[in-house]
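Colleague: Just to be clear, the model below is a prediction. Sequence and coordinates:
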Amino acid sequence: MLTGKQMYRQTTYQEESYAQVVDEIQPLIKSHWKEIASCKDKIKLNPNFNMYKTMNELGILRIFTVRDFGKLVGYFIVMCQPHLHYSDHVYAMNDIIYIDPEYRGSTIAFKLLRSVEKRLKKDGVSVLMINMKVYAPFDRLLEKLNFENTERVYSKYIGD
C-alpha cells in the first residue's frame, strides 16, 4: 500500500532531447554538483552546453528523464557510440545520473535505469556502463539490475 507522498506520485520515464530539458535540468545539475562533486573549491560547475547540444545533434548524447506530474525529478545521461576497441559494439557510458533527494528510497531510480536499459538494448547498445562516486554509492541498486563491478577509476587534481 502506498503511503504519504508515494500515494500521489504519477511518475513517467522517457527519453527527451537536449532542447526539451536544457533549461529545466540546470537547477538539478547545480544541486547534483553541490551534493557529489569533488574539488569544489578548485573546479567550479561550468557545463559546456554547446558541446552537449552538438553531441545530441550527432546522436551520441541520450537523455533519459523521470518526471512526477510533469516535474523533472531525475535524469540519466549517457554517451552512446561504437567503442574504440570493439568497434562492432555500441557502448553507452553514463555521464551523470541524479534523482532528487525527495524521491530517493523509492523505486524511481530502479525503474529509470530499467527503462533506460530496455530502450538502449532495443537501439542496439551492447554494453551500458555506469560510474559513481565512492562516497555516494548505489551498488545495491546496480546489483539488483544485474550489473557487475568491472573497473576502478582513480583521480587526482593536478591543476594549479
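Modeller: Ah, there it is.

Colleague: From here on, just use CA atoms for contacts and neighbour counts.
Modeller: Noted.

Colleague: residue ranges for the helices of this structure, please.
Modeller: Under the criterion DSSP state H, the chain carries helices at the ranges 4-7, 18-36, 49-57, 108-122, 139-144.

Colleague: Need the winner for burial among these.
Modeller: Of all the helices of the chain, helix 108-122 carries the top mean neighbour count, a mean of 17, counting by mean count of other CA atoms under 10 Å.

Colleague: got the CA positions of that one in CSV?
Modeller: Listed next in CSV are the C-alpha coordinates belonging to helix 108-122 (Å, rounded to 0.1, in the frame of the first residue of the first chain):
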residue,chain,number,x,y,z
ILE,A,108,12.1,5.5,-9.1
ALA,A,109,15.9,5.0,-9.7
PHE,A,110,15.4,1.3,-10.3
LYS,A,111,12.5,2.0,-12.8
LEU,A,112,14.5,4.7,-14.6
LEU,A,113,17.6,2.5,-15.1
ARG,A,114,15.4,-0.5,-16.1
SER,A,115,13.6,1.7,-18.7
VAL,A,116,17.0,3.1,-20.0
GLU,A,117,18.4,-0.4,-20.3
LYS,A,118,15.4,-1.6,-22.3
ARG,A,119,15.5,1.4,-24.6
LEU,A,120,19.3,1.2,-25.2
LYS,A,121,19.1,-2.6,-25.8
LYS,A,122,16.3,-2.0,-28.4
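
Colleague: Tell me the helices and strands packed up against that helix.
Modeller: If you count contacts as 3 or more CA pairs under 8 Å, 6 or more residues apart in numbering; DSSP states H and E, helix 108-122 packs onto strand 11-16, strand 61-68.

Colleague: Does anything pack onto the first one? Which helices or strands?
Modeller: Where contact means 3+ CA pairs under 8 Å, 6+ apart, strand 11-16 is packed against strand 61-68, helix 108-122.
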